[in-house]
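Engineer: build me a structure from this.
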Amino acid sequence: MWFDTYAPPTPWSLSRQPRRIRAGWKKLLAGGGALVVAGVTGWGLLTHLLATERGTALVLGAAAGIQLIRGFLWWERFEHDRTVVRPLARRVAGVLDQAVGDRRTWLAVPWDYSSGDDAKITIDVPLDFTAAERDMEDITRAITVSTGWLAPKAELVLKSRHPRLVYGRSAPPPPAVSLRNIRECIGTARPSQVVLGMAPKWEPVLLDLDSETPMLGASMRTGEGKSELAKNIAAQVLYHGGIVMILDYKLVSHMWADRLPTVCYARTPAEIQAALMWLAWDEYDADGNIIRPSELTRRKQVVLAARRAGQKPNPGPRLLILAEERNATGRALKRHHRRMGGKGSSPALESMDETGETGRQVKVNKLDVAQRLSAKASGSDGTADARENIGAIITKDPTEQTWKLLGGGHAQPPKSGHKGRYQLITAAGVTEFQGVLYDEDPDESDRLARELALSGEIGQVPHDMPFVYRSGLLVPAGVGQDAAARQEAAEQASVIQQGAPVLPAGEGPGAAVTLAEAVAAGLFVSIGAARQARQRQGWEPVTEDRVRGNKYLVSDIYAYIKGKR
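Structural biologist: Residues are numbered from 1 along each chain as shown. A predicted model of the protein is given here:
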């Protein structure tokens, strides 16, 4: 209140800092007050010496205390200016053509900028400032670097005698997000989209695996929520009719997906290598002809044939490769390759590279999960080439060195320390969001993920895909996913045009399966149709299992299908 504004220093000023100036009436009031105090004090010393001395000592003591407080506040203001205001002024002075020494006249950063949700940074701009896109990007980036504000909001006040920019802090994401909060978003999202979590104001964070990035990476320390993040992505892919290949060197990272009919679960180095070679390793004869194409090659051939015929290609259901603990898995595959007498790089790791380089147009996506997604961890040859294919990286409060490795040149936001608070790094920028935790109880969280995966469209697994749970109790003779089976009637149950189904050898009248297994065998078109048939027929579960699903008698299912012929 006491000082009105600042003015540039004069040539005879001792300090090069801007001068504080005040209005004339304030100067007159201050001068008059000083004269009155001096007159009263002189009169008191002449007439009431003892009382005046005591009063003066009291006033001087209070003034000394006030000055100590002012000195402490001055030091805080000096540190604030030295660490925040001056660096910010230097970063934007070139854009605005302002003098850094006069920063107090055109730049105001509140002391509580790091904690106050309603804190505002005001930047006075010249009259000819046009707020060009590049200038605004530079100023916004400077504020993010200087204050740690992620995506600050800018308010342009240019139609004024004092044009200025007013920056406000973005609201933080919600403190917690459950499956219930994103369930509606999952149902309305496109099949190629996954809902990662919620941004500020409960805005869903969607990532399109077709148009935005087919390859993802998750780089976090142990216990930061890598498996929960991967579970959420994989369960949504399964919900939309995709299939998932899980490479789990830790054996039990994703027990929610164990024995799901649309999941290939490879655990040991030998299994992981076999799964990856099925995916992207072609076998050739002596003349260089392919004698056993990989899944990637088969999908490419389907796309090529459709393009030549002028048709829309459909390479098959989306296939997500979920590579858990990418660092440890890569080392294990290299050791396994050497133990088997192999030389050179591991064919499994080369297949992983092939997936990242050519999987986009054939609906094959990959999620690399690592504690630190370095170049050595993300590729077979240890270079950063494979990591360049990862269009989106999700991390949580990384170190400064790790951020320089993964941040793509973006400013690092301040570390929140909040559980489940992630940063999504793309070429466009950094988005902070709250990840999804299905439930605090791990068992209940797994049950919800399994239920979500089975509640949508069930994808058709390739017949030769390894390490997929295929119950021998499921497919009776002449029944399966072939051209002879078609879907009709209200329940959309399978209608068999061949001979009556017969129980295969080894099955007994007490054999039981889950509804998901019946869907995977082609007996029902979807889990919804299977549940509708169960309700209408009144099937009672033989065994109840909240995680894997209740089991029902195979004989009841066959009798129902036979009656629909």
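
Engineer: for the record, mean pLDDT for the helix or strand hosting Trp43?
Structural biologist: Per DSSP states H and E, Trp43 falls inside helix 24-47. In this model, helix 24-47 carries a mean pLDDT of 82.

Engineer: cool, stretch 235-253 as well?
Structural biologist: Computed over stretch 235-253, the average pLDDT equals 95.

Engineer: repeat for stretch 138-146
Structural biologist: In the prediction, stretch 138-146 has an average pLDDT of 89.

Engineer: show me what counts as buried in it.
Structural biologist: For stretch 138-146, a neighbour-count test (16 or more other CB atoms under 10 Å) marks 138-140, 142-144, 146 as buried. (Each C-beta comes from the backbone N, C-alpha and C, glycine too.)

Engineer: by contact count, what packs against the helix holding Trp43?
Structural biologist: Here helix 24-47 touches helix 49-80, going by 3 or more CB pairs under 8 Å, 6 or more residues apart in numbering; DSSP states H and E.

Engineer: for the helix it packs on, name the packing helices and strands.
Structural biologist: helix 24-47.

Engineer: for the stretch 401-550 of the chain, just list every one of the strands.
Structural biologist: Assigned by DSSP state E, counting those that start in this stretch, the strands in the stretch 401-550 of the chain fall at 421-426, 429-435, 485-488, 493-496, 512-514.

Engineer: quick check: neighbours of the second one in the sheet, parallel or antiparallel?
Structural biologist: By that I understand strand 429-435. strand 193-199 (antiparallel), strand 421-426 (antiparallel) (DSSP bridges).

Engineer: of the ones you listed, which approaches Phe524 most closely?
Structural biologist: Distance to Phe524, taken as CB to CB, is lowest for strand 193-199 among the strands paired with strand 429-435, at 25.9 Å.

Engineer: and that closest one, how far out from the chain's middle?
Structural biologist: Offset of strand 193-199 from its chain centre (CA atoms, centre = their mean, to the nearest Å): 7 Å.

Engineer: distance between the ends of stretch 213-231?
Structural biologist: 18 Å (CA to CA, to the nearest Å).

Engineer: any buried residues in that stretch, and which?
Structural biologist: For stretch 213-231, by 16+ other CB under 10 Å, it's 213-220, 224-231.

Engineer: element containing Arg103?
Structural biologist: Using DSSP H and E, Arg103 falls in helix 103-106.

Engineer: tell me the mean pLDDT over that helix?
Structural biologist: For helix 103-106, the mean confidence score works out to 88.

Engineer: after that helix, which helix or strand is next?
Structural biologist: Taking DSSP H and E, what comes next after helix 103-106 is strand 107-108.

Engineer: what sits up against that following strand?
Structural biologist: The contact list for strand 107-108, computed with CB atoms under 8 Å, 6 or more residues apart in numbering, reads 85, 88-89, 92, 98, 121-124.

Engineer: contacting residues for the nearest residue to Thr402 once chain neighbours are set aside?
Structural biologist: Counting by CB to CB, 6 or more residues apart in numbering, Arg372 is the residue found nearest to Thr402 once chain neighbours are left out, at 6.1 Å. Counting by CB under 8 Å, 6+ apart, Arg372 touches 219, 327, 402, 405.

Engineer: redo that, cut-off 10 Å
Structural biologist: 219-221, 326-327, 395, 398-399, 401-402, 405-406 (CB atoms under 10 Å, 6 or more residues apart in numbering).

Engineer: any chance of these in CSV, with pLDDT too?
Structural biologist: Below are the contacts of Arg372 laid out as CSV (pLDDT from 0 to 100):
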residue, pLDDT
Ser219, 93
Met220, 92
Arg221, 89
Arg326, 90
Asn327, 88
Thr395, 94
Pro398, 90
Thr399, 88
Gln401, 87
Thr402, 89
Leu405, 87
Leu406, 89
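
Engineer: name the nearest of these relative to Glu357.
Structural biologist: Checking those one by one against Glu357 (CB to CB), the nearest turns out to be Arg326, at 16.4 Å.

Engineer: and the residue nearest to the closest one when sequence neighbours are not counted, how many residues sit next to it?
Structural biologist: Of all residues not flanking Arg326 in the chain, Ala370 sits nearest, at 4.0 Å (CB to CB, 6+ apart). By other CB atoms under 10 Å, the residues close to Ala370 number 21.

Engineer: quick check: the gap between Ala370 and Ala34.
Structural biologist: For Ala370, the distance to Ala34 equals 70 Å [CB to CB, to the nearest Å].

Engineer: in contact with Thr297, which residues?
Structural biologist: 279-282, 290, 354, 358, 362.

Engineer: what about these, which are in strands?
Structural biologist: Of these, the ones assigned to strands by DSSP state E are Ile290.

Engineer: how about the contacts of Thr297 in JSON lines, adding distance to Leu260, neighbour count and pLDDT?
Structural biologist: What follows is the contacts of Thr297, written out as JSON lines (distance: CB to CB, whole Å; neighbours: other CB atoms under 10 Å; pLDDT from 0 to 100):
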{"residue": "Leu279", "distance to Leu260": "18", "neighbour count": "24", "pLDDT": "94"}
{"residue": "Ala280", "distance to Leu260": "22", "neighbour count": "24", "pLDDT": "92"}
{"residue": "Trp281", "distance to Leu260": "25", "neighbour count": "20", "pLDDT": "90"}
{"residue": "Asp282", "distance to Leu260": "28", "neighbour count": "16", "pLDDT": "89"}
{"residue": "Ile290", "distance to Leu260": "31", "neighbour count": "12", "pLDDT": "86"}
{"residue": "Glu354", "distance to Leu260": "26", "neighbour count": "21", "pLDDT": "87"}
{"residue": "Thr358", "distance to Leu260": "27", "neighbour count": "16", "pLDDT": "80"}
{"residue": "Val362", "distance to Leu260": "22", "neighbour count": "22", "pLDDT": "92"}
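
Engineer: for the nearest residue to Arg259 once chain neighbours are set aside, grab the count of nearby residues.
Structural biologist: Excluding the flanking residues, the one nearest Arg259 by CB to CB, 6+ apart is Tyr469, at 4.1 Å. Neighbour count for Tyr469, taken as other CB under 10 Å: 18.

Engineer: test my guess that Tyr469 contacts Glu517.
Structural biologist: Yes - with contacts counted by CB atoms under 10 Å, Tyr469 reaches Glu517, the gap being 8.0 Å.

Engineer: quick check: neighbours shared by these two?
Structural biologist: With CB under 10 Å, 6+ apart, Tyr469 and Glu517 have common neighbours 259-261.

Engineer: of these, buried ones?
Structural biologist: Burial by neighbour count, 16+ other CB under 10 Å: within the shared contacts of Tyr469 and Glu517 this picks out 259-261.

Engineer: so which of these are in strands?
Structural biologist: Per DSSP E, those never map to strands.

Engineer: so the residue nearest to Ile557 when sequence neighbours are not counted versus Arg259, what's the distance?
Structural biologist: Spatial nearest neighbour of Ile557, excluding adjacent residues (CB to CB, 6+ apart): Ala518 at 5.9 Å. When distance is defined by CB to CB, Ala518 is 14 Å away from Arg259.
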